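Enquirer: need a structure here:
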Amino acid sequence: MVTNIGPYAFRGHSNMTSINIHGRIIKIDQGAFEDCRNLLKINSLTDDENVSTLNIPDGVERIEGSAFYHCDSLGKDKQDKLCIPKSITYVASSAFSYVNNMYGVDADPDNERYEDRGCNGLFTKAD
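Expert: Numbering: from 1, shown residues only. From the prediction side, this is the model:
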């Protein structure tokens, strides 16, 4: 069973417009989707649902540096917010660098590590 999307796995795939990430994925590695400049949607796939938006599926724990670097089109289609699930324990500061069209970030209120504070950012909760 695949549990990680490896380093630079889809780097530079300019024809990719959407990706389907299953809830069994635990880690999105460094540069996994770097320079996928036409990527519009992240589809969260679980056994029971297919949600087309900018949802990182619950189950993903880590999003490494430059994972979505220069994915210029993310959010451009509907200006969606990026949804961070409760399972996320680490998001690298550069994970979404140069992704400028997203409307904002929503962190699951049950996430023990991050919160969105109602603005266009992701904050580490105080210990």
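
Enquirer: for the closest residue to residue 98 other than its chain neighbours, list the residues it contacts.
Expert: Once flanking residues are discounted, residue 98 sits nearest to residue 70: 4.6 Å by Cβ to Cβ, 6 or more residues apart in numbering. Glycine gets a C-beta too; all of them are placed from N, C-alpha and C. Taking Cβ atoms under 8 Å, 6 or more residues apart in numbering, we find residue 70 in contact with 34-35, 37, 97-99.

Enquirer: what's the farthest-apart pair in the residues you listed?
Expert: Greatest spatial distance in the contacts of residue 70: 37 and 97, 13.2 Å, computed using Cβ to Cβ.

Enquirer: right, and residue 17 touches residue 37 too?
Expert: No - look at residue 17 against residue 37 with Cβ atoms under 8 Å: they stay out of range, at 10.3 Å.

Enquirer: which residues does the residue most central in space within the chain contact?
Expert: When Cα atoms, centre = their mean is applied to the chain, the residue found nearest the centroid is residue 56 (4.8 Å). Going by Cβ under 8 Å, 6+ apart, residue 56 touches 21, 28, 42, 44, 63, 82-85, 88.
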